[in-house]
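Colleague: I need the structure of the sequence given here:
(chains A and B)
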Amino acid sequence: MSVVLTGATLTARADAVAEVAARFADDVDRAGRFPAEAVAAMRAHRLLGASVPRELGGDGLTLGELGEVAQRLGGACSSAAMVFAMHHGQVLSIVRHLGGSAAFADLARRIADEQLLLASATTEIGIGGDVRSSSCFVDQVGDRIHLVKNAPVISYGEEADLVLVTARRTELSAPSDQVVLVADRAGVVLERTGTWDTLGLRGTCSYGYLLTADVEACRLAPEPYEKISTETMLPVSHVLWASVWLGMSRSAVDTARRFVRAAARKDIGKVPPTATALVGLVADLDTLDAVVEAAAAEFDRLADDRDALSRVDVAIRMNNLKVTASTSLADIVSRVLVLTGIAGFRNDGPYSVARLFRDAQGAAVMVHNDRITANNAQLILVAGASQKGSR
Amino acid sequence: MNPYDGIRAVLDAHGKLASRAAEVDVDADLYAAGMTSHASVNVMLGLEDAFDIEFPDELLTKTTFCTMRSMLTAIESLRVAA
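Modeller: The predicted structure is shown next:
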């Protein structure tokens, strides 16, 4: 495996990983397999531990910086980029909620030191896609914990080094009284209950599993999931997913740009009709860029003000980001397909947007936008529409 | 062969200069010589086509296309990178 470029800039590291991811993206898609090469490159360039604070051995990257990396990966391989995004949502859920636990500080150090890959099981059969409700529960006997969870999807669970699992605190706890267990892959048995043969994002390997965990009690996260979800998991996930989708959109618009340029060169002096459509695409790409950047900046500004992060208007904005970005992505890629015509419709050739188009369709349904909008509809009943200065 | 021959050919075809490019000095301001912003885009496309290059955003500035010498510098930097 190649040696890490010590002292290399974040951009250089991200581009190096993106280059590997792009090389294998077609095969990952065709085979519906885990993007092993891209993740190995993330490890080699120490990007998996990059969100861990410096004092625990990571780079302490801001959400804006993580988003920049996610964007670059998004343009190279949607699946690899989504793995990166999901992984850091999980890492930050640990490092931002250490709660004074020595065991969890050690875990954070291990993540940075060994560049561990984190997956999560936050949904449950019978509950639907509502992450804030569980049926399964933690069964603690002495200092061992036993947990059985029937999960409809766990992305790249088999390849992960650590799996975060949500569950009810005890057998008698309410569905929303949730805790998080951080299990080593070795302490978890994953029995596939379904297939993952989808239109797009085929490399996320989001199979359904019957998960059985047998771990030490010290692996129970010190803070309640409700807190972790509101202050970290949701906003970080939405910003990083949106960053991936922004990268995918940029890649599509770049293809459109090359296509229009080639047409213009064939008849210099005439403005090709496709140029008009390209203008609109670039404008919409810039709008998406602005909204993603603003969300990342807001999170970074409020990162240590946990109370502010729990504000209703902040939650609404972070939720809307996911809906807006996923809708924009699908719209932009569709319009690029129309602009490039048959050349874009092909699976091969220099202007193909076929794989990107298929991957883009996944954004609106993983998690379903209707669920997020329904959550926001409840929140909006009490929210104002305050200007930035007063936040 | 003069490295400016290719550039002069593109200027004659698309630059809309007041005089023939052969009569314009390599350090003369082309905008002053008649090239409009609109024409400069066609010149950029023509240069990309003739030299098989693609100008990145950072080079698409007024200074790059101000004189034939600045154009040649930009073209050569892209060919070295290729």
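
Colleague: how about the residue nearest to residue B:54 when sequence neighbours are not counted, what does it touch?
Modeller: In space, residue B:54 comes closest to residue B:48 once its chain neighbours are excluded; the distance is 5.8 Å by C-beta to C-beta, 6 or more residues apart in numbering or on different chains. Every residue, glycine included, has its C-beta placed from N, CA and C. For residue B:48, the contact set (C-beta atoms under 8 Å, 6 or more residues apart in numbering or on different chains) comprises A:261, A:265, B:54-55.

Colleague: so which residue is dead centre in chain B?
Modeller: By C-alpha atoms, centre = their mean, chain B has its centre lying nearest to residue B:71, at 4.7 Å.

Colleague: show me the helices in chain B, by range?
Modeller: B:4-10, B:37-51, B:68-81 (DSSP state H).

Colleague: hmm, who's touching the first one?
Modeller: This points to helix B:4-10. By C-beta under 8 Å, 6+ apart, the list of residues contacting helix B:4-10 reads B:21-22, B:24, B:26, B:43, B:46-47, B:50-51, B:68, B:71-72, B:75.

Colleague: so which bits of that helix are buried?
Modeller: B:4, B:6-8, B:10 (16 or more other C-beta atoms under 10 Å in any protein chain shown).

Colleague: can you check the longest one too?
Modeller: If you call a residue buried by 16+ other C-beta under 10 Å, then helix B:37-51 has these buried ones: B:39-49, B:51.

Colleague: where's the closest residue to chain A within chain B relative to residue B:11, distance?
Modeller: Using C-beta to the nearest C-beta, residue B:49 is the residue of chain B that sits closest to chain A, at 4.6 Å. Distance, residue B:49 to residue B:11, using C-beta to C-beta, to the nearest Å: 13 Å.

Colleague: and residue A:278, by the same measure?
Modeller: Taking C-beta to C-beta as the measure, residue A:278 falls 26 Å from residue B:11.

Colleague: more neighbours: which of the two?
Modeller: Applying other C-beta atoms under 10 Å in any protein chain shown to residue A:278 and residue B:11 shows that residue B:11 carries more neighbours, namely 26 against 19.

Colleague: show the pLDDT at that one.
Modeller: Model confidence at residue B:11, given as pLDDT, is 97.

Colleague: is it in contact with residue B:19, as I believe?
Modeller: No. Here residue B:11 does not reach residue B:19: they are 10.3 Å apart, not a contact under C-beta atoms under 8 Å.

Colleague: and stretch A:218-230, which residues are buried?
Modeller: A:219-221, A:223-225, A:227-230.

Colleague: tell me which residue of the stretch 201-350 of chain A lies closest to chain B.
Modeller: Closest point on the stretch 201-350 of chain A to chain B, by C-beta to the nearest C-beta, is residue A:265, at 4.6 Å.

Colleague: which helix or strand contains the most centrally placed residue in chain A?
Modeller: Centrality entry for chain A: nearest residue to the mean C-alpha point is residue A:85, 3.1 Å, by C-alpha atoms, centre = their mean. For residue A:85, the host element (DSSP states H and E) is helix A:78-95.

Colleague: so how far is the next helix or strand after that helix from its chain's centroid?
Modeller: Once the chain leaves helix A:78-95, the next helix or strand it forms, by DSSP H and E, is helix A:102-114. Helix A:102-114 sits 21 Å away from the centroid of its parent chain (C-alpha atoms, centre = their mean, to the nearest Å).

Colleague: and residue B:78, what is it in contact with?
Modeller: Residue B:78 touches B:51, B:53-55, B:59, counting by C-beta under 8 Å, 6+ apart.

Colleague: can we see that at 6 Å?
Modeller: residue B:53 (C-beta atoms under 6 Å, 6 or more residues apart in numbering or on different chains).

Colleague: now the top helix by length along chain A: buried residues?
Modeller: Using DSSP H to define each element, chain A has its longest helix at helix A:234-266. Buried residues in helix A:234-266, counted by 16+ other C-beta under 10 Å: A:234-253, A:255-257, A:259-262, A:264-265.

Colleague: phi, psi for residue A:53 please.
Modeller: phi -60, psi 150 (degrees, to the nearest 10).

Colleague: find the nearest non-adjacent residue to it, please.
Modeller: residue A:60 (4.7 Å).

Colleague: was I right to think the one you found contacts residue A:50?
Modeller: No. The criterion here is C-beta atoms under 6 Å, and residue A:60 misses it with residue A:50 at 8.2 Å.

Colleague: who has more neighbours out of these two?
Modeller: residue A:50 (23 against 15).

Colleague: returning to what we had before: could you say what helices and strands the longest helix of chain A packs with?
Modeller: Packing partners of helix A:234-266 (3 or more C-beta pairs under 6 Å, 6 or more residues apart in numbering or on different chains; DSSP states H and E): helix A:63-76, helix A:78-95, helix A:274-302, helix A:312-340, helix B:37-51.

Colleague: done for today, thanks.
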